[in-house]
Structures are given as C-alpha cells and as structure tokens.
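Chemist: A structural model of the following input is requested.
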Amino acid sequence: MAKSPCKWRAACRCDSILGDSLDGRRAPLTACKPDLEMPTTSIHGTPDYAELDALGLDPSDVVYFSSNINPFGRPASVVEADQDEISRSFLARYPDSRSQRLREKIGAYHGLPADAVLVGNGTADLIWLLAHAYGFQRQAAILSPTFSEYADGVIMAGGHPIHLPLPGWHRIRRRSYAPGGTTLAQTRQALETSSPWLVFICNPNNPTGEYLSPGELRFLWEGA
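Modeler: This is a model prediction of the structure:
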C-alpha cells in the first residue's frame, strides 16, 4: 500500500467528509485537504439547529435567507403532484438516473437538445461534478468575491483555484475585496494570463448581486 501524505495515513478517505483513522477516531477533512477551510460556525445552506435550540426557536418559525427556501412552504399544486406520484407507487422504484424526461422538458422550454441539459441534486452537486470533470489537478479560475462552494469543489477535486477579481471589484488582501478598480477588460486579461482549464462565473453573482450581460459573458469567454 502506498504511503499517504495525509497524517491519518492510508485509511483516511480523502473523498469523503470524514475519514476513519486506524484507531477508530474520525479524521477531519482538513487533515486530508489542508487547503480547504471548513466552517467553524454555521454552514451555508442549513440553519444551525443547536443554535436554534439554545435560543428556544422552532426551525419552522425562522425565515432563512441563506438558501433558496420558500418561507410560505410548497404551493398547493406541488403538494398535489407529490401526492399523485406517491399514490402511483412512485417511491417504490429508483428514478431515472439520466433524468431523460426532465432534461427533454427543460430542453424544450429553453430551445435546447436534451443532451445540452445537466441535471443534479441542487446547484452544489453540479458545481462539484464540474470541478471533478474539468478541474482535476488543474487550475480553475473563479471570479471573486463569490460563492465559496466553487473553490471547495475545485480543491476537493485536487485542482488549484485561482481567484480573479470580478469586474467592479478589486482585491485588497487574500480573499478580501472592495468595490471598484477592475474593468471587464482587465478581468479578461487576467483570464488570458492564467489560462485556466475551468472558469466559474456566478451570474447574477452571489453575494454581491452584479449581473453580467450575455455580451459581457461572451467577451470573457473569448478571453478564457
């Protein structure tokens, strides 16, 4: 067995959130991926239920703005559709792993072939799939400041994230940005210089809200 550079040795599963050590303890992900900054407080995408308990709050009484969650619950039409599917034993079989019908409907709505549509279990799933498909042990440019999941996915895929300033922003120190200072042309020049295998552009950007027009995106794409 090849010796692992991970201090938890070869028993550590670096592709999982937690790895088993040889003595039965749990190895933190950062032991295998030291570049990955694991959150020390609340994790984006879900409330901290321990914190809610300490505050005496019920999760259903909290409006959570960090995720795309409807505070009013599911529409009645969605509830009816779910109940209809369940009544037809939908839960008694595995779903189509290729999501063929869903991709066909999405493609038809947008005027695209089904093969041009990728379906995943949420946006984070697609980000990590793209990082593993195109960013493995390669450089991936990320226009920043932006959603942290892009960099995490690239690092977990063994890639190297390069943070380039988003148009309208400039870097003042590592992973810290301020408005102004970077033009669209300068961002394109940075992409040309870095020559990445993969480029992540969040549009509209999270969390700053900037929106790049189709023409601006094409301008950056041509430079990458």
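
Chemist: can I see the domain layout of this protein?
Modeler: By the record's domain assignment, the chain is partitioned as 1-34, 43-91, 123-223 (automatic domain parsing).

Chemist: as JSON lines, those domains with distance to S99 would be great.
Modeler: From N, CA and C alone the C-beta is placed, and that goes for glycine too. Converted to JSON lines, the domains of the chain look like this (distance: least, C-beta to C-beta, whole Å):
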{"stretch": "domain 1-34", "distance to S99": "24"}
{"stretch": "domain 43-91", "distance to S99": "14"}
{"stretch": "domain 123-223", "distance to S99": "12"}
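
Chemist: most packed of these?
Modeler: Between the domains of the chain, the one whose residues have the most neighbours on average, counting mean count of other C-beta atoms under 10 Å, is domain 123-223 (a mean of 17).

Chemist: how about the helices in this structure?
Modeler: Using DSSP state H, the helices found in the chain span residues 29-32, 49-54, 76-87, 100-110, 123-134, 149-156, 184-194, 214-223.

Chemist: relative to P165, which of those is closest?
Modeler: P165 sits nearest to helix 184-194 of all the helices of the chain, at 6.4 Å, using C-beta to C-beta.

Chemist: let me see the mean pLDDT of that closest one.
Modeler: Model confidence over helix 184-194 averages 94 on the pLDDT scale.

Chemist: can you check stretch 71-81 too?
Modeler: Mean per-residue pLDDT for stretch 71-81: 87.

Chemist: same check on stretch 147-157?
Modeler: 91.

Chemist: what sits up against that stretch?
Modeler: Identification of contacts with stretch 147-157 by C-beta atoms under 8 Å, 6 or more residues apart in numbering yields 15, 33, 35-36, 44, 123-124, 127-128, 130-132, 135-137, 140, 142, 160-161, 163, 198, 200, 202, 206-207.

Chemist: on that earlier part again, with distance to R174 added, can I get the helices of the chain in CSV?
Modeler: CSV is the format used below for the helices of the chain (distance: least, C-beta to C-beta, whole Å):
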stretch, distance to R174
helix 29-32, 18
helix 49-54, 29
helix 76-87, 43
helix 100-110, 39
helix 123-134, 21
helix 149-156, 12
helix 184-194, 16
helix 214-223, 23
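
Chemist: out of the ones you listed, which comes closest to P167?
Modeler: Between P167 and these, the shortest gap by C-beta to C-beta is with helix 184-194, which sits at 4.6 Å.

Chemist: chain center to stretch 125-138: distance?
Modeler: In this view, stretch 125-138 has its centroid 10 Å away from the chain centroid, taken as C-alpha atoms, centre = their mean, to the nearest Å.
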